[in-house]
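Q: No letters, just coordinates:
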């Protein structure tokens, strides 16, 4: 009986440690780190966006020429929106769940699906969604940081 209690306590402590680590990752993803390292948003940009939108976000990535619609210049989003960066609209574009199929073909991948695909069927849906939201928010933060006048 004592052995089973020990295992249960270990499992409970492990779950708490994993939850705290997950929250720390989510907080770091949203804020970037303050020690001069690249923020997670930049890393996500490099992984998800750079091949089409380019190193500087100007729409000139190595895959841009192969697409039927040229990628947008991501450094001018605010300029095209009357000087205001539309955080919610950009988040929705990245997430992809708010896209209405009747509005036409979507050339950009639905990155929210990638962020929610953990490969771990045992992971709680709330943890998956929290991590996905944090990564997408970090990417939106990065895109806001590269806006030009």
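A: Received the coordinates, thanks. Predicted, not measured: the structure shown is a model, and the values here were computed from it. Numbering: from 1, shown residues only.

Q: give me the low-pLDDT residue ranges for the chain?
A: For the chain, the stretches with pLDDT under 70 are 1-38, 98-107.

Q: which residues of it fall in strands?
A: Counting by DSSP state E, no segments of the chain form strands.

Q: what ranges do the helices span in it?
A: Ranges of helices in the chain, per DSSP state H, are 2-31, 40-48, 50-53, 77-80, 87-95, 111-116, 125-145.

Q: So residue 128 is in contact with residue 116, correct?
A: Yes - if you go by CB atoms under 8 Å, residue 128 and residue 116 touch, sitting 5.5 Å apart. No exception for glycine: its C-beta is placed from N, CA and C like everyone else's.

Q: Can you tell me how far residue 146 is from residue 120?
A: With distances taken as CB to CB, to the nearest Å, residue 146 is found 33 Å from residue 120.

Q: Kindly report the same for residue 55.
A: In terms of CB to CB, residue 55 sits 32 Å off from residue 120.

Q: cool, residue 149 as well?
A: 44 Å.

Q: Now do the buried residues in stretch 141-148.
A: Buried residues in stretch 141-148, counted by 16 or more other CB atoms under 10 Å: 141, 142, 143, 146, 147.

Q: Sorry, wrong one. I was asking about stretch 65-80.
A: The neighbour-count check on stretch 65-80 (16+ other CB under 10 Å) flags 71, 72, 73, 74, 75, 76, 77, 78 as buried.

Q: Please name the residues that touch the last one.
A: If I follow you right, that is residue 78. 84, 85, 86, 144, 147 (CB atoms under 8 Å, 6 or more residues apart in numbering).

Q: Find the nearest non-adjacent residue to the fourth one, please.
A: This points to residue 144. Excluding the flanking residues, the one nearest residue 144 by CB to CB, 6 or more residues apart in numbering is residue 85, at 4.8 Å.
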